[in-house]
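Enquirer: I'll drop the sequence and a predicted model, then ask my questions.
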Amino acid sequence: MIISRYVSFINTLKPRGTLYTGVTSNLIQRIYQHKNGITGGFSHRHGCKTLVYYEAGGSMEGAIFREKQITAGSRKDKIDLIESMNPGWVDLYESLI
């Protein structure tokens, strides 16, 4: 599977749990870092290690813009977005590697 270089994504600890929204130029590496506690900050403190949503952007600026849109949305909007792509809240990381 080929993934755009620039990706916005959402991680969580559990279905409908705490949500972390991020952006990266290397999704596989970034999620690996989250899963293995290499990152600090919010996602590490809240255990957000499960990739439940991602979307490719055409450029880093586009991916950052989209990440900001997602972040600014309500919790319900984020849950609806996740469930539109991943209704079972399955960890999508395994499908990437």
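Expert: Perfect, thanks for sending it.
Enquirer: just for this structure, where's the confidence low?
Expert: Across the chain, the ranges flagged by pLDDT under 70 are 1-4.
Enquirer: Strands of that one, start to end?
Expert: Along the chain, counting by DSSP state E, strands occupy 6-12, 19-24, 50-57.
Enquirer: if you compare these, which one is most tucked away?
Expert: Of these, the one with the most neighbours on average (mean count of other Cβ atoms under 10 Å) is strand 6-12, at a mean of 24. C-betas here are computed from N, CA, C, even on glycine.
Enquirer: Direction included, what does that one pair against?
Expert: When sheet partners are counted by DSSP bridges, strand 6-12 sits next to strand 19-24 (antiparallel), strand 50-57 (antiparallel).
Enquirer: And the contacts of the first one?
Expert: In this case it means strand 19-24. 6-12, 30, 34, 42-43, 46, 48, 57, 60, 63-64, 66-67, 70-71, 75, 78 (Cβ atoms under 8 Å, 6 or more residues apart in numbering).
Enquirer: need the helices for this structure, in chain order.
Expert: With DSSP state H as the criterion, the chain has helices at 27-35, 41-46, 60-72, 75-85, 93-96.
Enquirer: angle of the first one against strand 50-57?
Expert: Read it as helix 27-35. Angle of helix 27-35 versus strand 50-57, following axes from the mean of the first three to the mean of the last three Cα atoms, to 10 degrees, is 150 degrees.
Enquirer: so what does helix 27-35 touch, helix or strand wise?
Expert: Here helix 27-35 touches strand 6-12, strand 19-24, strand 50-57, helix 93-96, going by 3 or more Cβ pairs under 8 Å, 6 or more residues apart in numbering; DSSP states H and E.
Enquirer: Pull out the buried residues from it.
Expert: Leu27, Arg30, Ile31, Gln33, His34, Lys35 (16 or more other Cβ atoms under 10 Å).
Enquirer: How about the second one?
Expert: By 16+ other Cβ under 10 Å, the buried positions in helix 41-46 come out as Ser43.
Enquirer: Mind giving me the packing neighbours of that helix?
Expert: If contacts are counted by 3+ Cβ pairs under 8 Å, 6+ apart, helix 41-46 sits against strand 19-24.
Enquirer: can you rerun that using 10 Å?
Expert: Judged by 3 or more Cβ pairs under 10 Å, 6 or more residues apart in numbering; DSSP states H and E, helix 41-46 is in contact with strand 6-12, strand 19-24, helix 27-35.
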